[in-house]
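> Okay, here's the prediction I keep looking at, along with the sequence it came from:
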Amino acid sequence: MPEKILESDVCFTQHLLSSVVTLGQWLFLLPVYGYGGQHYTSIQVKWWSLKMIVSILFAIYNGLICIAYTYKVIYNEKKILALFALIYHLSVGLTIVCFIDVATKWRNLMKEWSIIDFKMSHFEKNLKIKRRITMVIVVFMALGIGEHIFFMLSVSYIQKMFTDNFWTQLDAYFINFYSAIFKIIPYNRFIGILIQIMNWQLTLVWNYADIYLIAMCIPLNFRMKQIEHKLSLMIKYKIQDPLHWKQLRETFILISNICVRIEKCTGHILVLTMGLKLMVILFQILGAINGVNENLNDRKLEDRLYFIFSVGVMIFKQVVLTIYFSSVDLTCQNIVGYLFNVPSHIYNIEVERFIVCIKQSSPVLSGLKLYTVRRSLILKMASVVVVYELVLVTFTKN
């Protein structure tokens with residue numbers, strides 16, 4: 001009987017994240033099968049499947065692009081621009097590899113989530129959580145595509161396509177923007193079109209990384225909020241039975257354990273995507289400063305709009321990502337506050353154990369243990385941008 005109940009009532013988180021996995025597979029990421037099934041046992045990773053082969057080939061393609069840009073960094077005079085492109089492709093390539101690794105861990109992750117979903121099946125449901133994930137997907141993909149369109153419209157070759165010979169300007173665009181590749185192999189228009197398509201794909205992968213990270217935080221924070229809400233009700237209605245407090249503490253321990261598992265599935269991607277966004281912000285501001293030093297009036301309206309939109313999008317994504325990741329720590333601190341305010345007449349040994357448990361293993365997300373994601377991280381990143389921007393300005397002047 002317990003097994004049958006488990007199979008019929010544990011797919012909440014698995015179904016919640018299924019849309020995120022589906023989007024990832026459209027981008028050649030997360031090559032898993034059976035992720036939309038009724039139980040975690042349906043999830044499989046097949047190393048010789050078409051999905052896995054395509055994902056690996058996608059990673060290999062990006063590795064070859066990195067080699068081409070490494071050659072350009074060594075032999076090109078504009079080393080900063082070439083280095084920027086190299087770091088971008090290297091970060092996105094490593095992100096693709098990380099998603100392949102996540103696919104191998106997806107079954108075990110959903111297994112642990114199924115235990116929590118079953119144990120918390122009697123808690124109050126929140127149907128808006130699914131819409132929240134859908135909203136994150138739509139907003140972040142729209143911003144990413146819009147930012148890339150702004151970039152292409154700011155390119156002079158693209159602008160001239162509407163007035164001059166289209167194919168001539170298209171060839172000039174490919175030769176100029178993919179010079180690292182076409183210095184190694186002969187130029188071919190068809191290859192240029194394929195590279196442009198793959199470049200769009202890489203842009204979407206970069207934006208998808210933010211969606212994936214936020215989506216992983218949403219069910220975790222949702223369960224933490226449920227613990228906080230039930231704890232407030234137990235205090236409000238003066239529940240004295242130690243058994244209820246024990247069950248709540250054990251549920252919290254399960255959430256703390258899965259927090260560690262989620263960190264293993266997000267830590268590498270979090271470091272890569274946050275670091276890359278910081279780099280983009282630095283280089284965008286550096287380009288704006290150089291434009292002011294040369295002559296701001298010579299800059300076209302498209303360039304100014306792209307700078308404002310691009311930096312705004314990067315800052316927005318960075319802040320939203322930090323808020324979602326830090327919400328786990330914030331909710332945990334609220335739970336600690338409730339525990340310390342438990343009235344003395346209902347205080348018992350289980351409450352004391354709960355306090356010791358949350359102090360010793362407080363669930364908080366981090367980037368590979370290099371830094372802990374709390375709200376204060378936003379100010380730290382702002383200070384990092386200011387300091388390193390000054391370094392870059394001094395470096396480019398010299």
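Happy to help now that I have it.
> check which helix or strand covers the residue nearest to residue 217 when sequence neighbours are not counted.
Of all residues not flanking residue 217 in the chain, residue 324 sits nearest, at 4.5 Å (C-beta to C-beta, 6 or more residues apart in numbering). C-beta coordinates here come from the backbone N, C-alpha and C atoms, glycine included. Per DSSP states H and E: residue 324 is located in helix 301-340.
> how many neighbours does residue 371 have?
Per other C-beta atoms under 10 Å, the neighbour tally for residue 371 reads 14.
> surely it meets residue 377?
Yes: with contact defined as C-beta atoms under 8 Å, residue 371 counts as touching residue 377 (6.8 Å).
> Which helix or strand lies directly C-terminal to the host helix or strand of residue 232?
Using DSSP H and E, residue 232 falls within helix 189-236. In the C-terminal direction, the helix or strand that comes right after helix 189-236 (DSSP H and E) is helix 242-295.
> and that following helix, how far from the chain's centre?
Distance, stretch centre to chain centre, for helix 242-295: 7 Å (C-alpha atoms, centre = their mean, to the nearest Å).
> Check which helices and strands that helix is in contact with.
If contacts are counted by 3 or more C-beta pairs under 8 Å, 6 or more residues apart in numbering; DSSP states H and E, helix 242-295 sits against helix 79-119, helix 189-236, helix 301-340, helix 349-360, helix 377-397.
> among these, which gets the worst mean confidence?
With a mean of 84, helix 377-397 has the lowest mean pLDDT of the helices and strands packed on helix 242-295.
> Could I get the buried residue list for that helix?
By 16 or more other C-beta atoms under 10 Å, the buried positions in helix 377-397 come out as 377, 381, 385, 388-389, 392.
> And for stretch 315-323?
Buried-residue list, stretch 315-323, by 16+ other C-beta under 10 Å: 315, 317-318, 321-323.
> What about this structure, which residue is the most distant from its middle?
residue 345 (45.3 Å; C-alpha atoms, centre = their mean).
> separation between that one and residue 352?
For residue 345, the distance to residue 352 equals 15 Å [C-beta to C-beta, to the nearest Å].
> thinking again about what came up before, residue 214 is in contact with the residue nearest to residue 217, correct?
Yes: at 4.8 Å, residue 324 and residue 214 qualify as touching, with contact defined as C-beta under 8 Å.
> Quickly name whichever of the buried residues of stretch 315-323 is closest to residue 267.
residue 321 (13.5 Å; C-beta to C-beta).
> contacting residues for the closest one?
Contacts for residue 321 were tallied using C-beta atoms under 8 Å, 6 or more residues apart in numbering; they are 210, 213-214, 270, 273-274.
> In those residues, find the pair that's most separated.
214 and 274 (12.4 Å).
> No more questions from me, cheers.
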